[in-house]
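S.K.: I'll drop the sequence and a predicted model, then ask my questions.
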Amino acid sequence: MPAALASATIVEMRPVRVLCLAILCFSVWAGDGITLNRKKSQRLYDEGVRLLAAAREEEALEAFSEAIRANPTNALAYRQRGGILARRKLWDQAFPDLDQSIRILPDDGKTLGLRGEYYLRNDRAKEAVADFSRAIELGWTRPQIYSQRAAAYEKLGQSDNAIRDYSDAIRLSVNDPAYYRRRASLYSNAGKYREAVEDLTQAIRLQPDLVEAYVERGYALGQLGEFMASIQDLDAAIARDSHNAQALSLRGEAHTVQHQNKEAIADFSRAIELRPRDVDLRLLRASAYVQSGDYVRALEDRETAVRLRPDLAEVYVARGSSFHLLGMHDKGLADRTRAIQMKPSLAEAWCARGNAYFLLGQYEKAIADLHEAMRLRPGYPEAATVLAKAEQKLRAPASTAPIIAARVESQPAPAMVSPRQRPAASPASAPSSAAAVAPAPPSAHVHAASGQPPLTGTAAAPASSPSSATAVAPPPSAHAARAQTNLAGVQQKPPVGQSAAAPLLPAVTALAAEYQRTARAELRAGDFPAALSHLDEAIRLNPRLATAYNARGFVRMKLDRLQESMDDFTRAIELSPNYANAYHNRGVVRKLLGDHAGSAADLAREAALLK
């Protein structure tokens, strides 16, 4: 190469060398700077951890923020700062920190758990499940993670997965009553009340003053039909918290099912004092008033319910029931029609109006309404029963007297979930000395099958068509009903259920008699649980119907429920002191219970009455 050209090339390359040297020097300086910043960030992070351990949270928060400013890739500083903000319930501020921490360090189970909690709180259940599941895969297997994932599964409607996760939480923390309660709630929702009772029993063992557990176990026991045990639990809850309206309401419902109307009304009244605007409580107390025969006060409660929630179709259905019970059929039909107009999809409203039309003998209208109720709720048992009877009436000769079979009191169940329906009894083996024959009216002097008095020790047979019935006072005249009215437009009078001479409406007594006739047919067919259910209804409608108590006592004896059976026979005798058949049946039960003297006295009394 010529010397001149080589010289020129060297001169041209000098700037390149200078630039490369400068870049190299800058890189060394920058690297040292980054290293210095990372060290500073780590030092600030460690200081924040120390401050946090000393409960100096505000200073710790600032230290973590400084650590992030020194090194924006410090994932642990983001997690710590996000955790502090989360504990302060500042989730919207916490989320960006948690999210950034996971972007930098994606396999941090603890941070995934925190972000999952954010998703759970913000109804992003699928994302919550994904974060909790990833955290568990990474080994972050804490009871709280399983519990939170269970809550997310609940939101997604995956109850089985939720139960499994609560079970894992319990396995990891066997002494935490909260996990037992949460699993019990899922069991109750699935109708697994026995499992719920077991979990709640464990929760109470771990924390005996846990009021909510007593309330929840009382509810579950009620659903199992164990009402005395249910009431005991609710007593315990109320003893610990006398202002617990839910416990009072549930105990009131348990009393209602037990036909302990005075106690039920007292509980609902106390609950209403605590929650005066609770419509469900008004409707529940109204049902207890109806069961006790006090239709006037029931209407007052339902009037209040309408005033509190005029936008709720169900309250008009309930008030319509009261109007019909008091003979105000035009108002009753108007309420049920209004409920249908407000909520055409409410099967209970169509069924209720169909019942009312049936009671009034308007069978074609009843059939149309009941068909609509069945369309809205396929298999609706009450609608199906009345529909069959209405269609039968249309096919029957015009001269046939109407059979009142509709349920006058057709109130939809309030929104709250609570023990409401006694499960059907299971048939038990009958006592060997009891013959399967039907109960007789007070005036019967012979028994159905043979026409002769039954053998001693054999349950007596009630005739299927009583020759005399307990006298029922006629309803007050329309003029008397207007004599003294309240704001609801109905007569003011003492509670009906508190007076032995209080009148019952003809429709109500007829309906009670129809339930009793149905029960007799079921008894002859050997369907004791169904017979018991219909006799319960007959007694609810007409608590002075001695023949119904005698029949129910007979069914309970067949089911080997001897003490309840004797109570029914005793009530029948109280209502009709010369009821020979009831004395005979009580004598049989007393003998089975080992009360030979009492049995002999009852059978002697029967013999004296039959002379």
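M.R.: Here it is on my side, so go on. Model, not experiment: these values are computed from the prediction.
S.K.: check the secondary structure at residue 139 for me.
M.R.: Secondary structure, DSSP: H, G, I helix; E, B strand; the rest coil: residue 139 is coil.
S.K.: so what's the spatially closest residue to it that is not a sequence neighbour up against?
M.R.: The shortest distance from residue 139 to any non-neighbouring residue, by Cβ to Cβ, 6 or more residues apart in numbering, is to residue 109 (6.2 Å). Backbone N, C-alpha and C define where each C-beta goes, glycine included. By Cβ atoms under 8 Å, 6 or more residues apart in numbering, the contact list for residue 109 reads 134, 135, 136, 138, 139, 140.
S.K.: switch the cut-off to 7 Å
M.R.: 135, 138, 139, 140 (Cβ atoms under 7 Å, 6 or more residues apart in numbering).
S.K.: correct me if wrong: the first one contacts residue 146.
M.R.: This means residue 135. No - if you go by Cβ atoms under 7 Å, residue 135 and residue 146 don't touch, sitting 10.3 Å apart.
S.K.: tell me the helix or strand right after the helix-or-strand element of the chain with minimal mean pLDDT.
M.R.: The weakest-scoring helix or strand in the chain, judged by mean pLDDT, DSSP states H and E, is helix 478-483 (a mean of 27). Per DSSP states H and E, the first helix or strand lying C-terminal to helix 478-483 is helix 506-524.
S.K.: in this protein, where is pLDDT below threshold?
M.R.: Within the chain, the stretches with pLDDT under 70 are 1-36, 397-508, 510.
S.K.: just the buried ones from the contacts of residue 109?
M.R.: 135, 140 (16 or more other Cβ atoms under 10 Å).
S.K.: and the two most separated of the contacts of residue 109?
M.R.: 135 and 139 (8.5 Å; Cβ to Cβ).
S.K.: what ranges does the stretch 201-350 of the chain have for its helices?
M.R.: Using DSSP state H, counting those that start in this stretch, the helices of the stretch 201-350 of the chain run over 211-223, 227-240, 245-257, 261-274, 279-292, 295-308, 313-325, 329-342, 347-359.
S.K.: distance to residue 569 and mean neighbour count for these - can I get that in TSV?
M.R.: Formatted as TSV, the helices of the stretch 201-350 of the chain follow (distance: least, Cβ to Cβ, whole Å; neighbours: other Cβ atoms under 10 Å):
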stretch	distance to residue 569	mean neighbour count
helix 211-223	27	25
helix 227-240	21	20
helix 245-257	22	26
helix 261-274	21	20
helix 279-292	22	26
helix 295-308	29	22
helix 313-325	29	27
helix 329-342	37	19
helix 347-359	32	27
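S.K.: could you dump these to CSV with distance to residue 160?
M.R.: As requested, those are exported to CSV (distance: least, Cβ to Cβ, whole Å):
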stretch, distance to residue 160
helix 211-223, 19
helix 227-240, 27
helix 245-257, 27
helix 261-274, 35
helix 279-292, 30
helix 295-308, 38
helix 313-325, 32
helix 329-342, 37
helix 347-359, 30
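S.K.: grab the nearest non-local neighbour of residue 580.
M.R.: residue 609 (4.0 Å).
S.K.: OK, contacts around that neighbour?
M.R.: Taking Cβ under 7 Å, 6+ apart, we find residue 609 in contact with 578, 580, 583.
S.K.: top of those residues by number of neighbours, please.
M.R.: residue 583 (25 neighbours; other Cβ atoms under 10 Å).
S.K.: what sits closest to that one if chain neighbours are left out?
M.R.: residue 606 (4.2 Å).
S.K.: same question for residue 289.
M.R.: In space, residue 289 is closest to residue 298, 3.8 Å off (Cβ to Cβ, 6+ apart).
S.K.: okay but the one you found is in contact with residue 285, surely?
M.R.: No - at 8.1 Å, residue 298 and residue 285 do not qualify as touching, with contact defined as Cβ under 7 Å.
S.K.: quick one: end-to-end length of stretch 305-324, please.
M.R.: 17 Å (Cα to Cα, to the nearest Å).
S.K.: contacts for that stretch, please.
M.R.: With Cβ under 7 Å, 6+ apart, stretch 305-324 has contacts from 277, 279, 282-283, 286, 295, 298-299, 302-303, 331-332, 335-336, 338-339, 342-343, 346, 348-349, 352, 356, 359, 408-412.
S.K.: same thing with stretch 110-127?
M.R.: Stretch 110-127 has contacts (Cβ under 7 Å, 6+ apart) with 79, 82-83, 86, 91, 94-95, 98-99, 101-102, 128, 131-132, 134-135, 140, 145, 148, 151-152, 155-156.
S.K.: ok, now stretch 151-164?
M.R.: 120, 123, 125-126, 128-129, 132, 150, 165, 183, 186, 189-190.
S.K.: can you redo those as JSON lines with neighbour count?
M.R.: Formatted as JSON lines, the contacts of stretch 151-164 follow (neighbours: other Cβ atoms under 10 Å):
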{"residue": "120", "neighbour count": "20"}
{"residue": "123", "neighbour count": "9"}
{"residue": "125", "neighbour count": "20"}
{"residue": "126", "neighbour count": "10"}
{"residue": "128", "neighbour count": "26"}
{"residue": "129", "neighbour count": "24"}
{"residue": "132", "neighbour count": "30"}
{"residue": "150", "neighbour count": "26"}
{"residue": "165", "neighbour count": "28"}
{"residue": "183", "neighbour count": "27"}
{"residue": "186", "neighbour count": "20"}
{"residue": "189", "neighbour count": "13"}
{"residue": "190", "neighbour count": "13"}
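S.K.: now, which of these sits nearest residue 558?
M.R.: residue 190 (33.2 Å).
S.K.: not counting its neighbours along the chain, what's nearest that closest one?
M.R.: Excluding its sequence neighbours, the residue lying closest to residue 190 (Cβ to Cβ, 6+ apart) is residue 159, at 6.0 Å.
S.K.: how close does that neighbour sit to residue 128?
M.R.: Relative to residue 128, residue 159 is positioned 16 Å away (Cβ to Cβ, to the nearest Å).
S.K.: and if you look at residue 144?
M.R.: Separation of residue 144 from residue 128 (Cβ to Cβ): 13 Å.
S.K.: re earlier: wait, the residue nearest to residue 583 touches residue 584, no?
M.R.: Yes - assessed by Cβ under 7 Å, residue 606 is found in contact with residue 584 at 4.4 Å.
S.K.: quick one: which of the two has more around it?
M.R.: residue 584 (28 against 22).
S.K.: what helix or strand is the more buried one on?
M.R.: Residue 584 belongs to helix 580-592, assigned by DSSP H and E.
S.K.: report all helices and strands that that helix contacts.
M.R.: Where contact means 3 or more Cβ pairs under 7 Å, 6 or more residues apart in numbering; DSSP states H and E, helix 580-592 is packed against helix 546-558, helix 562-575, helix 596-610.
S.K.: now the angle from that helix to helix 596-610?
M.R.: Counting by axes from the mean of the first three to the mean of the last three Cα atoms, to 10 degrees, helix 580-592 lies at 160 degrees to helix 596-610.
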